[in-house]
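>>> With the sequence up front, the predicted model follows.
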Amino acid sequence: MQLFMLKSKIYEARLTGAELHYEGSITLDRNLLEAAEILPGEQVHVLNINNGSRIVTYVIEAEANSGTVFLNGPAARMGTPGDAVIVLAYCAIDRDQVDGFKSRIVKVNNKNQPV
């Protein structure tokens with residue numbers, strides 16, 4: 001049996017922008033992706049703390065140290081710059097691998113840099 005487990009969490013990043021006329025995704029600073037072990041193109045859930053929305057999309061990598069947390073396409077309607085969001089990535093693991101499994105939790109500062 002496989003279980004779907006929380007692999008990575010980027011906690012309380014602040015949206016830096018939103019672009020409705022784009023094919024869709026969330027663009028994230030490369031440093032955040034590396035810290036959370038999330039890959040470009042990977043599926044993520046984005047939870048907006050300010051308005052309660054929850055979306056599923058994929059990641060596009062932004063320049064390192066840019067602080068970018070940017071909603072694109074239809075996802076852009078789910079938040080405005082300054083909103084606090086949580087980005088979650090999941091993985092499927094065998095039941096016998098659950099013991100000792102740890103999610104990667106990344107907290108950020110006010111510039112969306114890992115702390």
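That came through fine. Just so we're clear, the structure is a prediction, and the values are computed from it rather than from any experiment.
>>> Return the set of residues that bridge with residue 56.
Beta-bridge pairing of residue 56 under DSSP bridges involves residue 45.
>>> Looking at it now. What's its pLDDT?
Note for residue 56: predicted pLDDT of 97.
>>> Please tell me how far it sits from residue 34.
Distance of residue 56 to residue 34, computed by CB to CB, to the nearest Å: 22 Å. From N, CA and C alone the C-beta is placed, and that goes for glycine too.
>>> cool, and residue 99?
Residue 99 is 27 Å from residue 34, where distance means CB to CB.
>>> The two - which one has more neighbours?
Between residue 99 and residue 34, counted using other CB atoms under 10 Å, residue 34 has the larger neighbour count: 14 against 6.
>>> Looks to me like that one is in a strand.
No: Residue 34 is assigned helix when assessed by DSSP: H, G, I helix; E, B strand; the rest coil, not a strand.
>>> contacting residues for it?
Under the criterion of CB atoms under 8 Å, 6 or more residues apart in numbering, residue 34 has no neighbours.
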